[in-house]
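1. any chance you could fold what I've pasted below:
(one chain, ligands or ions: 1)
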Amino acid sequence: MSSDKSFGELSYEQFAERYAAIVETKPHNAYLADPAITALLPPVAGLRILDAGCGSGWYSERFLDAGAAHVTAIDVTPAFIAIARKRLGERATILRHDLREPLAFAADASYDLVFSNLVFDYLPDLAPVLREIARVLVPGGTFVTCFGHPTGDWVLALSGRLTMDDAPDYFALQAFDFAWGGFGEPRPVVRSYRRPLSAILMPLIESGLVLDGMIEAQPTEAFRDADPADYERHMRSPTFLALRARRPGG
Ligand SMILES: C[S@@+](CC[C@H](N)C(=O)[O-])C[C@H]1O[C@@H](n2cnc3c(N)ncnc32)[C@H](O)[C@@H]1O
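-> Next up, the predicted model:
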């Protein structure tokens with residue numbers, strides 16, 4: 001493990017239990033990010049799946065319930081590992097792993113699907129993790145991910161609501177702190193990164209994975225029912241970007 005604590009662990013050790021308790025019904029997750037990433041998924045029955053940054057393990061459970069052959073669920077935050085273990089028991093292989101490090105536990109071409117929801121925002125450099133994802137996928141295998149939309153993050157940076165060391169600079173990788181609402185008090189202060197679109201797409205291209213699907217998430221009707229004002233905002237302004245890419249061959 002890296003000796004310096006990852007932004008993921010720093011952020012989620014404050015409120016992993018609170019996050020796990022509401023993520024499946026919280027509008028931002030359930031009715032905005034989830035529909036986008038789910039729409040890009042292949043049928044999962046029979047697949048060997050890596051859930052990279054599994055959090056509470058709700059997607060791992062969904063994959064297993066839908067007939068996945070095997071799920072490996074990894075996360076850097078010990079509290080989430082404990083929650084995922086309690087939830088999944090022996091049904092999945094659950095490992096504490098920092099995605100800033102190589103996927104040393106995984107052989108080449110050992111997964112049909114790598115899934116990573118709302119995790120890339122915590123990684124400083126996407127190139128090494130994307131190279132590793134390409135390595136562990138079988139030829140023809142699928143990578144599906146969702147993360148903060150770079151335009152949405154930029155708008156947020158310009159809004160002055162983020163705490164950053166430097167002035168907003170679209171072209172720079174910038175770490176920021178943001179006090180999240182919707183999880184009760186005390187508000188968790190989440191530390192993550194924003195980056196330009198090229199810092200997402202160029203590492204993907206250089207990894208050898210081939211982009212074949214993309215959704216700029218918009219909220220579902222269930223979001224409107226839960227929070228009409230926020231629904232209107234998310235209908236007009238980007239928040240999450242979901243991508244699907246394949247390892248060529250197979
Ligand atoms: C927003 S949560 C998403 C959790 C889950 N994928 C979901 O959709 O509910 C972000 C997750 O990324 C994990 N994470 C952040 N940085 C990480 C890293 N360097 N290595 C592994 N996991 C990381 C966090 O611990 C947390 O579980």
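
2. hmm, the helix or strand hosting Ile37 touching the ligand?
-> Secondary-structure assignment from DSSP states H and E places Ile37 in helix 34-39. No: Helix 34-39 is not in contact with the ligand by CB under 6 Å from any ligand atom; minimum separation 7.7 Å. The way it works is simple: take the backbone N, C-alpha and C, and place the C-beta from them, glycine included.

3. mind giving me the packing neighbours of that helix?
-> Packing partners of helix 34-39 (3 or more CB pairs under 8 Å, 6 or more residues apart in numbering; DSSP states H and E): strand 111-117, strand 137-148, strand 210-216, strand 240-246.

4. residues from this structure in reach of the ligand?
-> Residues of the chain lying near the ligand by CB under 6 Å from any ligand atom: 6, 8, 12, 23, 53-55, 59, 75-77, 80, 97-100, 117-119, 122-123.

5. need the contact list for Ala107.
-> Residues near Ala107 by CB atoms under 8 Å, 6 or more residues apart in numbering: Val136.

6. gap between it and Leu50?
-> Distance from Ala107 to Leu50, counting by CB to CB, to the nearest Å: 12 Å.

7. export the helices and strands packed on helix 34-39 as a markdown table, with columns for mean neighbour count, mean pLDDT and distance to Gly46.
-> As requested, the helices and strands packed on helix 34-39 are arranged in a markdown table below (neighbours: other CB atoms under 10 Å; pLDDT from 0 to 100; distance: least, CB to CB, whole Å):
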| stretch | mean neighbour count | mean pLDDT | distance to Gly46 |
| --- | --- | --- | --- |
| strand 111-117 | 25 | 99 | 8 |
| strand 137-148 | 22 | 98 | 13 |
| strand 210-216 | 14 | 98 | 21 |
| strand 240-246 | 23 | 98 | 17 |
